[in-house]
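**Q** I need the structure of the sequence given here:
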Amino acid sequence: MAAHSNKVIFHDRMLSLGLARVSEAAAMASAKLVGRGDEKAADQAAVNAMRDQLNLLDIKGTVVIGEGERDEAPMLYIGEEVGTGNGPEMDIALDPLEGTTLTAKDMPNALTVIAMAPRGTLLHAPDVYMEKLAIGPNYPKDLVSLEMSPADRVKALAKARGCAQADITVCVLERPRHEDMIAELRSTGAAIRLITDGDVAGVIHCAEAEITGIDMYMGSGGAPEGVLAAAALKCMGGQIWGKLLFRNDDERGRAHKAGITDFDKVYSRDDMVTQDVIFAATGVTDGSILAGMKREPGFLETETLLMRSKTGSVRRMRYRNPLKS
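**A** Numbering: from 1, shown residues only. Got it, this is the predicted structure:
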């Protein structure tokens with residue numbers, strides 16, 4: 001299908017509320033497993049609920065960012081078809097539970113995340129690592145780059161903001177592989193917010209720096225999460241770059257299978273998400289972007305972020321769902 005016709009039939013306004021329901025259902029399904037120490041059960045509950053809700057939407061959807069390859073994931077695997085099959089062809093990127101460990105341990109910033117765009121417009125990122133760099137909106141294009149050293153990125157951002165380097169806060173995934181980068185960042189005087197998991201949330205923080213206090217995200221994490229983060233920034237504004245990292249031939253094979261031929265390419269936000277996209281995320285545990293689920297007598301309340309890149313609209317929705325006795 002031609003890109004032009006895709007654009008015409010992407011009824012993002014009509015589909016957006018349905019997408020919010022998908023992320024809400026996944027969050028509510030994992031509610032009873034928050035703090036229970038069982039990552040797999042929490043993830044499976046979210047997957048099942050997300051799949052059930054997706055299959056109610058009048059779309060011909062294909063999961064391009066999912067729970068892994070078909071032989072590794074029983075549901076919502078890459079290539080799985082979702083929706084009723086009646087309607088526009090869509091690419092679906094999802095993480096039914098971003099932060100399975102966070103959920104199991106009842107730690108902050110666990111989310112359910114999903115994005116939808118016309119067929120062929122989301123990067124089919126293989127399940128490998130990606131080097132990422134992100135900043136918020138209202139900065140000159142290509143102010144920072146993956147080619148720059150971490151210290152130079154801080155320097156450039158501080159100069160653009162008109163502030164001291166010590167006023168910059170960088171979000172980094174706390175992993176042994178980032179120790180040298182963290183040491184270099186500390187040498188600039190910048191503050192670092194270390195997160196244990198959940199780098200989609202980490203990148204989204206940059207888009208609302210005045211609320212979250214985070215100016216920049218950097219480091220390596222999952223490539224699928226990079227595409228989801230790019231979808232969020234496409235709606236909220238901000239810049240992100242990603243470069244796939246390969247540890248072995250098996251991972252290069254995965255990339256090749258996904259249609260990637262240039263293994264050294266640096267992807268910008270608009271390379272990862274080439275047309276308009278809708279994005280929904282629901283809080284599972286309390287976090288700096290969304291409130292977690294709250295139980296009240298007879299009710300379960302969720303908070304969802306629903307965004308459309310076409311209009312730049314960002315909705316925060318609270319949903320009180322009566323609990324079945």
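
**Q** CA only for contacts and neighbour counts going forward, please
**A** Fine.

**Q** packing partners for the helix of greatest length in the chain?
**A** For the chain, the longest helix by residue count, based on DSSP state H, is helix 12-30. Packing contacts for helix 12-30, counted by 3 or more C-alpha pairs under 8 Å, 6 or more residues apart in numbering; DSSP states H and E, involve helix 39-54, strand 89-98, strand 111-118, strand 278-283, strand 299-308.

**Q** that helix: how far from the chain's middle?
**A** In this view, helix 12-30 has its centroid 15 Å away from the chain centroid, taken as C-alpha atoms, centre = their mean, to the nearest Å.

**Q** how about it as PDB, C-alpha atoms only?
**A** Taking C-alpha atoms only, helix 12-30 is exported to PDB below (Å, rounded to 0.1, in the frame of the first residue of the first chain):
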ATOM      1  CA  ASP A  12      -5.800   8.300  14.500                       C
ATOM      2  CA  ARG A  13      -8.500  10.300  16.300                       C
ATOM      3  CA  MET A  14     -10.900   7.400  16.200                       C
ATOM      4  CA  LEU A  15      -8.300   4.800  17.100                       C
ATOM      5  CA  SER A  16      -6.600   6.700  20.000                       C
ATOM      6  CA  LEU A  17      -9.300   5.900  22.600                       C
ATOM      7  CA  GLY A  18      -9.200   2.300  21.600                       C
ATOM      8  CA  LEU A  19      -5.400   2.300  22.100                       C
ATOM      9  CA  ALA A  20      -5.800   3.800  25.600                       C
ATOM     10  CA  ARG A  21      -8.100   1.000  26.500                       C
ATOM     11  CA  VAL A  22      -5.500  -1.500  25.400                       C
ATOM     12  CA  SER A  23      -2.800  -0.100  27.700                       C
ATOM     13  CA  GLU A  24      -5.300   0.300  30.600                       C
ATOM     14  CA  ALA A  25      -6.400  -3.300  30.300                       C
ATOM     15  CA  ALA A  26      -2.800  -4.500  30.400                       C
ATOM     16  CA  ALA A  27      -2.100  -2.400  33.500                       C
ATOM     17  CA  MET A  28      -5.200  -3.600  35.300                       C
ATOM     18  CA  ALA A  29      -4.400  -7.200  34.600                       C
ATOM     19  CA  SER A  30      -1.000  -6.900  36.200                       C
END
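
**Q** not counting its own residues, what contacts it?
**A** 42-43, 45-50, 53-54, 57, 96-97, 111-115, 277-284, 293, 300, 302, 304-308 (C-alpha atoms under 8 Å, 6 or more residues apart in numbering).

**Q** and for stretch 309-325?
**A** 234-236, 276-278, 298-308.

**Q** try it again with 10 Å
**A** For stretch 309-325, the surrounding residues in contact (C-alpha atoms under 10 Å, 6 or more residues apart in numbering) are 12-13, 20-21, 24, 28, 231-237, 275-282, 290-291, 293-308.

**Q** Ala229 and Lys257: what is the separation?
**A** Applying C-alpha to C-alpha, to the nearest Å, the value for Ala229 to Lys257 is 22 Å.

**Q** neighbour count for those two, which is higher?
**A** Ala229 (25 against 12; other C-alpha atoms under 10 Å).

**Q** state the mean pLDDT of stretch 101-114.
**A** Across stretch 101-114, pLDDT averages out at 94.

**Q** counting neighbours, what do you get for Asp250?
**A** Asp250, neighbours per other C-alpha under 10 Å, totals 11.

**Q** element containing it?
**A** helix 249-257 (DSSP states H and E).
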